[in-house]
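A.B. asks: fold the following for me, if possible:
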Amino acid sequence: MTDYQDDIDAIRALKEQNGPSWDAIEPEAVARMRAQNRFRTGLEIAQYTADIMRRDMAEYDADSSVYTQSLGVWHGFIGQQKLISIKKHLKTTNKRYLYLSGWMVAALRSEFGPLPDQSMHEKTAVPALIEELYTFLRQADARELDLLFTKLDDARAAGDETAVEFIQSQIDTYETHVVPIIADIDAGFGNPEATYLLAKKMIEAGACAIQIENQVSDEKQCGHQDGKVTVPHEDFIAKLNAVRYAFLELGVDNGVIVARTDSLGAGLTQKLAVTTEPGDLGDQYNAFLDVEEITQDELGNGDVVIKRDGTLLRPKRLASNLYQFRQGTGEERCVLDCITSLRNGADLLWIETEKPHVEQIARMVDAIREEIPNAKLVYNNSPSFNWTLSFRQQAYDLLVEQGKDVSAYDRADLMNVDYDDTELAQLADEKIRSFQKDGSARAGIFHHLITLPTYHTAALSTDDLAKGYFGDEGMLAYVKGVQRREIREGIATVKHQNMAGSDIGDNHKEYFAGDAALKAGGKDNTMNQFT
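C.D. replies: I've put the predicted structure just below:
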């Protein structure tokens, strides 16, 4: 017996209990509606997807080739179409997630209009987008199941028992579009209480994994811009605790916390760490500061000093009242950040780097794993990197190391289109293609994501259409570049009325009103042109 048939039987029994007043209720229609609404709350989604992530993390620990991936999305429709495409082309959503980027919320979803990635947008926009994404993913389930139910009815009407059995098995084993979302809470949008309150909203909307970074909330910057300011470890640990308490309060006991360190590119701190004895965590943080040794006589008005091993040290303080770290300490600080986060409740790490280089990442992960053997990363395959240039430089350096002749290339001009068909460019492209596989095998990367790819794809596709449509191609630009491709490549949106739920609505009308239902999908519906 399947869940679908069990539901039909249970509803039939309930109908009998309620007598003639329920005569109009069709048990199979109710079972279909229940199947199309598998997840009734965001917390159900958060628990379901947390279980998926924990399973995937365990599988990665056993075999680093089974890493996970996601693409960042900024609208429910974009997330929905991504999952529909994954199911169409790859047949399963296994190991594929969604990423919710704070950058894209700021740039695309704020009521202020486009904003920089500095936590200036409304924090409520983040849980609102999570809820929107899962609304669209659940609608994708409802639509796809609706198509299966229609096929089932057609097979029954035709008396084709083989087809009935096959379609029934597809319904019984149906794989949902609902997948884990790793959601960006930036630096927590305030103090730990603010972080806790926002985390609760995000989890209630369905987030099973929350990513938080060790920058200060009021000076937060995009991870690939200058001016980043970190906080002492104790401040960050308080926010990790706040997120964990939010998960536990809501009953998602295995919720996932991704602790991000921006220390590699952050040269500043807003305050000195509290330290009570040599070598404690605060002392380790302060040890990275750029300081000068002074005597008591050299103290100036308002100077702040640190005493270490009997010596007075004056940290270099900027006019902004920020303190700076010594140059070249970024990797060491990242390692300490990561070890500290994992020892204080984090589940996964995120090291924001300035370039995609497997060995650079691996160098830090090796050091972390000396203390935490199963440490693993979420890694940002960022559009802020010039991937072509970076990997052509890496390929150039590799050829030099191998003693190959590179006189045909100018390392300062490797983006030149003239190099596109060369051995160097082919080697670089192969390294790009294998970057995720190599990074997961060598550098402990459990999850690869691209933060804002759909921001760029939306701009690129719109540019293509606008160039042709408003130019000489006119309507052909849309027909040839969009609709004809949709038809031939099986893109669901070509039947946009169906995609928006028109057929689901028709079926509901029939459930509710029977033969009296006024339906939109009749013979005069122009969507019938798309078979």
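A.B. asks: quick one, strands of the stretch 201-350 of the chain?
C.D. replies: For the stretch 201-350 of the chain, applying DSSP state E, counting those that start in this stretch gives strands covering 209-213, 229-230, 256-261, 268-269, 291-294, 306-308, 311-315, 323-324, 348-351.
A.B. asks: to Ala183, which of the ones you listed lies closest?
C.D. replies: strand 209-213 (5.6 Å; Cβ to Cβ). Quick note: C-beta positions are derived from backbone N, CA and C, even for glycine.
A.B. asks: give me the residues contacting the closest one.
C.D. replies: Strand 209-213 has contacts (Cβ atoms under 8 Å, 6 or more residues apart in numbering) with 49-50, 53, 180-188, 195, 199, 202-203, 220, 223, 239-240, 243, 255-262, 348, 350, 352, 378.
A.B. asks: on that earlier part again, using a markdown table, please lay out the strands of the stretch 201-350 of the chain together with mean neighbour count, distance to His508 and mean pLDDT.
C.D. replies: Formatted as a markdown table, the strands of the stretch 201-350 of the chain follow (neighbours: other Cβ atoms under 10 Å; distance: least, Cβ to Cβ, whole Å; pLDDT from 0 to 100):
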| stretch | mean neighbour count | distance to His508 | mean pLDDT |
| --- | --- | --- | --- |
| strand 209-213 | 27 | 34 | 97 |
| strand 229-230 | 24 | 53 | 90 |
| strand 256-261 | 25 | 36 | 97 |
| strand 268-269 | 20 | 57 | 92 |
| strand 291-294 | 14 | 70 | 92 |
| strand 306-308 | 13 | 69 | 89 |
| strand 311-315 | 16 | 67 | 93 |
| strand 323-324 | 19 | 62 | 94 |
| strand 348-351 | 26 | 41 | 97 |
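A.B. asks: let's have those in TSV, adding distance to Leu71.
C.D. replies: Formatted as TSV, these follow (distance: least, Cβ to Cβ, whole Å):
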stretch	distance to Leu71
strand 209-213	15
strand 229-230	28
strand 256-261	16
strand 268-269	32
strand 291-294	44
strand 306-308	45
strand 311-315	42
strand 323-324	36
strand 348-351	16
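A.B. asks: closest to Leu476 out of the ones you listed?
C.D. replies: Short answer: strand 209-213, nearest of the strands of the stretch 201-350 of the chain by Cβ to Cβ, at 44.0 Å.
A.B. asks: count the neighbours of the residue nearest to Phe236 when sequence neighbours are not counted for me.
C.D. replies: Distances taken as Cβ to Cβ, 6 or more residues apart in numbering place Asn214 nearest to Phe236, at 4.6 Å, with adjacent residues excluded. A total of 30 residues lie near Asn214 under the criterion other Cβ atoms under 10 Å.
A.B. asks: separation between Asn214 and Ala10?
C.D. replies: 51 Å (Cβ to Cβ, to the nearest Å).
A.B. asks: could you do Thr451 as well?
C.D. replies: 45 Å.
A.B. asks: look at these two and report which has more neighbours.
C.D. replies: Thr451 (24 against 14).
A.B. asks: and that one, its phi and psi?
C.D. replies: phi -60, psi -50 (degrees, to the nearest 10).
A.B. asks: ok, now which ones touch it?
C.D. replies: 72, 99, 101, 103-104, 380, 382-383.
A.B. asks: in the stretch 251-400 of the chain, which spans are helices?
C.D. replies: With helices called from DSSP state H, counting those that start in this stretch, the stretch 251-400 of the chain shows them at 281-286, 330-342, 358-369, 387-401.
A.B. asks: among the ones you listed, which comes closest to Thr162?
C.D. replies: helix 387-401 (49.5 Å).
A.B. asks: what comes up buried for the following helix or strand past the closest one?
C.D. replies: Tracing the chain past helix 387-401, the next element assigned as helix or strand by DSSP states H and E is helix 423-433. The neighbour-count check on helix 423-433 (16 or more other Cβ atoms under 10 Å) flags 424-425, 427-429, 431-432 as buried.
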